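S.K.: Sequence plus the predicted model coming up.
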Amino acid sequence: LVCVVPISNQNKAASDRGPHRSILLPPFRQSAHFQQDQATKPPTRTIALSRDKMLPLGALLLLFGAEGAAAGEALPVGRKAPGAGEEASAVGTSNVHCTSTKGSFTIEMHPEWAPIGAERFLALVREGAYDGTVIYRVVRRGPERAPEAVQFGFIRDEALRRKWQREPNLKDDPQIFANPNFHRGMISFAGGGPNTRSTDVFITFMTGNANGTPRAPWETPFGIIDEEGLRAIGAFGGVGDLAMLGGDAPDLGKGYEALKTSHPNIDYLGKCTLVAAHPAPPTSSPTHVSGVTTTGPTSVRLFTVVGDDHVVVPTTLGYWVLLGGVMVIASIGGCVAFGARYRLGIVRKVHGI
């Protein structure tokens, strides 16, 4: 639940209302450089609501939500988040293959899950925004230090970074998954509040309701990585959680050169490229025979190559075509011969020869 008031009045409003419950941002928020990126954009405004106002406001939201559903407005589908390979994307969809210091992985893209986010991510990949970027956040929990999430998106090329900083933040995609809303391996943009997605993304290793319920509306998966890819991603290290959450993530404001000293063992992406999500439909393959090219499936080829010596022999259809060709040529020859004799007879008759 997020409401908006001017930031400059936030502390005053809180003190005027007395005790209140703080509403924390989710763990997958933007990194420290996010605040720098927002300097030229309208400020995000938040307020903490008092306990006695939370329930009435929640009831109103539920009421208006029910009315919206009755009016036929687009609302979350509410199906469970699927695993890798469980849902097929549309024909023509491009996946994203990335190399890294720990191995390669492929992101199975699903624009139908989050059209706005998927379009932005693919545009960033096309421009090379994630090439060479640092994995600046690796969240691990428990005694086994199992990975929970990794995060990246601080563009390495300064000119390209400035370009995307000038781009407006994305509007939130509609939520379509619930219970769970995230599946292990899903990738989503990170954010610092509603409509704040920019270039930072995270990959989760957990299946469940991210950030509790209700979840952060800006966290909408647009793709998923299979287990083979997650093995490479799970090996990322050399860094922990964000500094604001008690971790040792780097201060990205100091730039990439500083990482060589502050985090010498940190991991990086290599290059991310678009790959076809679906195999290309079969096409006819050409067969070259003595300067003649025939195309088509194997079943309609006229000639085939056999043996180690690559001897060209006709197929059954080829024999019939050759026979038909011989008959046609013979018929034409016969007609020509008959015509010639007929003309010769006319000439002889006219001249009395």
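M.R.: Cool, got the structure.
S.K.: Next one: Trp164 from Asp131, what distance?
M.R.: Distance, Trp164 to Asp131, using CB to CB, to the nearest Å: 13 Å. Bear in mind the C-beta positions are built from the backbone N, C-alpha and C, glycine included.
S.K.: no no, Arg162
M.R.: 16 Å.
S.K.: One more: Gly270?
M.R.: Distance from Gly270 to Asp131, counting by CB to CB: 7 Å.
S.K.: Neighbour count for Arg162 and Asp131, which is higher?
M.R.: Per other CB atoms under 10 Å, whichever of Arg162 and Asp131 has more neighbours is Asp131, with 19 against 11.
S.K.: OK, contacts around that one?
M.R.: Arg156, Leu269, Gly270, Lys271, Cys272 (CB atoms under 8 Å, 6 or more residues apart in numbering).
S.K.: Read off the pLDDT value for the last one.
M.R.: Reported pLDDT at Cys272 in the predicted model: 98.
S.K.: ok, now the second one?
M.R.: The model reports Leu269 with a pLDDT of 98.
S.K.: In three-state terms, label it for me.
M.R.: strand (DSSP: H, G, I helix; E, B strand; the rest coil).
S.K.: For it, which residues count as its bridge partners?
M.R.: Listed by DSSP bridges, the beta-bridge partners for Leu269 are Ser100.
S.K.: how about low-confidence regions in the stretch 51-200 of the chain?
M.R.: For the stretch 51-200 of the chain, the stretches with pLDDT under 70 are 51-77.
S.K.: can you pull out the helices in this protein?
M.R.: Secondary structure of the chain (DSSP state H): helices located at 10-17, 33-37, 51-70, 115-126, 158-166, 227-233, 259-262, 316-351.
S.K.: For the stretch 201-350 of the chain, which residues score under the pLDDT cut-off?
M.R.: Short version for the stretch 201-350 of the chain, where the test is pLDDT under 70: 210-215, 280-314, 344, 347, 350.
S.K.: what about 90?
M.R.: 208-218, 245, 277-350 (pLDDT under 90).
S.K.: List the buried residues of stretch 180-191.
M.R.: Neighbour counts using 16 or more other CB atoms under 10 Å place Pro180, Asn181, Phe182, His183, Arg184, Gly185, Met186, Ile187, Ser188, Phe189, Ala190, Gly191 of stretch 180-191 among the buried residues.
S.K.: Alpha carbons of it, in PDB - could you do that?
M.R.: Taking Å, rounded to 0.1, in the frame of the first residue of the first chain, the C-alpha atoms of stretch 180-191 are listed here in PDB:
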ATOM      1  CA  PRO A 180       3.000 -17.600  -5.900                       C
ATOM      2  CA  ASN A 181       3.600 -14.500  -7.900                       C
ATOM      3  CA  PHE A 182       7.300 -15.400  -8.500                       C
ATOM      4  CA  HIS A 183       8.800 -18.600  -9.600                       C
ATOM      5  CA  ARG A 184      12.500 -19.600  -9.100                       C
ATOM      6  CA  GLY A 185      14.500 -18.200 -12.000                       C
ATOM      7  CA  MET A 186      12.300 -15.300 -12.900                       C
ATOM      8  CA  ILE A 187      13.800 -12.000 -13.900                       C
ATOM      9  CA  SER A 188      12.100  -8.600 -13.200                       C
ATOM     10  CA  PHE A 189      13.000  -4.900 -13.100                       C
ATOM     11  CA  ALA A 190      13.800  -3.500  -9.600                       C
ATOM     12  CA  GLY A 191      12.400  -0.200  -8.500                       C
END
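S.K.: Can you select the buried ones among the contacts of Asp131 for me in PyMOL?
M.R.: This is the PyMOL syntax for the buried subset of the contacts of Asp131, where burial follows 16+ other CB under 10 Å:
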select buried, resi 156+269+272
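S.K.: Looking at the contacts of Asp131, spot the one nearest Glu119.
M.R.: Distance to Glu119, by CB to CB, is smallest for Cys272 among the contacts of Asp131, at 15.7 Å.
S.K.: how near is Thr204 to Ile176?
M.R.: Noted for Thr204: a distance of 16 Å to Ile176, by CB to CB.
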